[in-house]
Structures are given as structure tokens and as C-alpha cells.
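Enquirer: predicted structure and sequence below. I'll ask about it afterward.
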Amino acid sequence: MSFKSDSLVGIFDSGVGGISVLRAIREQMPEESVIYFGDQKHIPYGSRSMEQIQNFSEAITRFLLEQDAKILVVACNAASAAALKYLREKFPEVQFVGMEPAVKPAAEYTRTGKVGVLATPATFQGALYASVVERFANGVELLPSTCPGLVQQIEQGNLDGEETRRILEEALLPMLEKNIDTVVLGCTHYPFVIPLIQRIVGETVRVIDPAPSVARQAGRLLEARGMSNKSRSKGRVKFYTSGGLAAFKIMLPILLGESGEVEKVAWLDDHLIISER
């Protein structure tokens, strides 16, 4: 399989969370055209089995490659935890960029030795998280929370509502009592509520958004393999969702600051079929 520089950067997530990574890619590599898939029919991935997530991720990868993707960004922490190794073995010719909880920079930054980590159950249970903790968290106490219901609130556009605040306060206030000075966001949905998180924890607590570093890694891989788009014009973005078209379109200007063409995709026996615009 050969990839051209004018092919697309493929990004997928269980919903709109990966748009936080797309946003960073648009800021750092505006010349790259992007294809984004949000599997909203199956959201949230975080509570699903590893086998399910692997099946979904494999089907989406095949779909994005068929749409001329030259690199795949798994912009979902749960999918990265459950399926990234599987995908790399299944598609050895494809470059994948995954999400890794930012434990390393948090461990380097913290002065109190207490770090809060917000992520879904699949991320905490995955080997990837365990590996990151083992390698980088020596001498640091990590305080985890799964923030039940937060992904769904963000999917509905409730970035600053009463229920969203309740979920975050339930997670963060006990951490503040234990003197955290850093919060790691282990889900791509969560950067969209950073302003609310910052108001809860205060300006002295650092909140780490992994999206910019993921975008930089994608850029490095493209450059190293001669696949960067050298055009001076801004690339286009095309979106696919397995959920509701209208709701997805409404969220784009809110989360990304721009819109784009959106098509509906239907699942049939773990295969994807484009059904309507």
C-alpha cells in the first residue's frame, strides 16, 4: 500500500472527543486535509469490552484507508488502550498515532507529588496505562477518576452546565483535598471542559491537554516519511458519523470553530456503509 502526500490524515473517535485532536492538527498543520470519523452509534467506548473496541477500530480503519487516509490518528484513549497494538499488527504498513495518558509530563511538573487523572474505565484497565504508570510515575501518587456520564454530557454540548459541573466536582474536589497540583486528561472529550475544570481546581493547578503533543507526533511521522502536504492552501475537512447528522453538525462550530461536509455512516455486521449526507 502506497501513500501520497496529498492523501488525507484520518482521525477517529467514539464521538466528538477526537475533535480536540483535530483542532490541534488544524492549528499546527492547516495545509493537511483531514477525514474524521465519530462512531456515535457505539459511544461510549470506555465501558465496552476490548474485543468490541478492537472490532469497531478495525472496521473504521479499513473505512478510512478506503477514503485515502495516509496516516491514522486514534483520537480516543479507550480505543488506543484496547486496540492500538492490535491495529499495528493488523495493518503493519500503516502509521498509527495513539493517545497516551500524559503521566510523564505530569510527573515531571508536579511539586506536591499528587496528580489527578481523569479517564474512562477502558483506559485505566488497559496495558497502555499500566505501562505509562510503571515507566514514569515513580514517586508520584496518581488519583484516578472515571467521571461517569461526562462523555455523554460533552456529546450533548453541555460544556458548562449544572450536571457537567457536578460530575467534575465529584471527581476533582476529593483530589484537591489530597493536594494535587496537576490534572491529566485521559479522554479526548475532556479538553472541551478545561475552562470549567480550571475554575473548579483554580489557576495554581495545571491541566494537561494531550492533543497538541499528539498533533506534533503526527506531523513528525508525516515529515519523516515524506508524506507532508506542502501546499500553501488550507486543507479541507470531511466528517463521518454513525450517529445523528443534525446533532453532529450543530457541535462542529462549537467544538472546532468551523464546519465541514458531514455524511452519515451505517453499521451492518461490523462493516460500514455510507447512507446519507
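Expert: Received, thanks.
Enquirer: alpha carbons only for contacts and neighbour counts from here, please
Expert: Fine.
Enquirer: right, and L84 touches E100 too?
Expert: No. Between L84 and E100 there is no contact, the gap being 10.4 Å when judged by Cα atoms under 8 Å.
Enquirer: who touches stretch 252-259?
Expert: For stretch 252-259, the external contacting residues (Cα atoms under 8 Å, 6 or more residues apart in numbering) are 19-20, 22-23, 192, 249, 260.
Enquirer: contacting residues around K234?
Expert: For K234, the contact set (Cα under 8 Å, 6+ apart) comprises 30-33.
Enquirer: stretch 192-212: end-to-end distance?
Expert: Distance between the two ends of stretch 192-212: 14 Å, counting by Cα to Cα, to the nearest Å.
Enquirer: check which residues of it are buried.
Expert: Within stretch 192-212, the residues that count as buried by 16 or more other Cα atoms under 10 Å are 192-194, 196-197, 200-201, 205-212.
Enquirer: which among those gets closest to V74?
Expert: A211 (11.4 Å; Cα to Cα).
Enquirer: what sits closest to that closest one if chain neighbours are left out?
Expert: Distances taken as Cα to Cα, 6 or more residues apart in numbering place V21 nearest to A211, at 4.7 Å, with adjacent residues excluded.
Enquirer: ok, residues contacting whichever helix or strand V183 is part of?
Expert: Take DSSP states H and E as the rule and V183 turns out to sit in strand 182-186. For strand 182-186, contacts defined as Cα under 8 Å, 6+ apart pick out 77, 100-103, 106, 109-110, 114-120, 123, 191, 205-210.
Enquirer: so where's the stretch 151-277 of the chain shaky on pLDDT?
Expert: Applying pLDDT under 70 to the stretch 151-277 of the chain picks out residues 277.
Enquirer: how about the strands in it?
Expert: 182-186, 206-208, 237-241, 261-268, 271-276 (DSSP state E, counting those that start in this stretch).
Enquirer: pick the most buried one from these.
Expert: strand 182-186 (a mean of 27; mean count of other Cα atoms under 10 Å).
Enquirer: direction included, what does it pair up with?
Expert: Its sheet considered, strand 182-186 pairs with strand 114-119 (parallel), strand 206-208 (parallel) by DSSP bridges.
Enquirer: quick one, helices of this protein?
Expert: Secondary structure of the chain by DSSP state H: the helices cover 19-28, 50-66, 77-90, 103-109, 121-125, 127-136, 150-155, 162-177, 194-201, 211-224, 245-255.
Enquirer: mind listing what's buried along the last one?
Expert: Applying a neighbour-count criterion of 16+ other Cα under 10 Å, one finds 245, 248-249, 251-252, 255 buried in helix 245-255.
Enquirer: picking that back up, closest to V9 out of the contacts of stretch 252-259?
Expert: Among the contacts of stretch 252-259, L22 lies closest to V9 (Cα to Cα), at 9.6 Å.
Enquirer: from P30, how far off is that closest one?
Expert: Taking Cα to Cα, one finds L22 at 10 Å from P30.
Enquirer: looking at these two, which has the bigger crowd around it?
Expert: L22 (28 against 18; other Cα atoms under 10 Å).
Enquirer: let me see the contact set for the more buried one.
Expert: Contacts of L22 (Cα under 8 Å, 6+ apart): 11, 215, 256.
Enquirer: can you get me a residue count around the last one?
Expert: L256 sits with 17 neighbouring residues when counted by other Cα under 10 Å.
Enquirer: quick one on the thing from earlier: and the contacts of K234 as CSV, adding distance to V132 and pLDDT?
Expert: Listed next are the contacts of K234 as CSV, based on distance: Cα to Cα, whole Å; pLDDT from 0 to 100:
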residue, distance to V132, pLDDT
P30, 31, 96
E31, 32, 96
E32, 30, 97
S33, 31, 96
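Enquirer: what's the closest of the strands paired with strand 182-186 to D270?
Expert: strand 114-119 (26.2 Å).
Enquirer: contacts for that closest one?
Expert: Here strand 114-119 has contacts from 77, 106-107, 140-147, 172, 175, 178-187, using Cα under 8 Å, 6+ apart.
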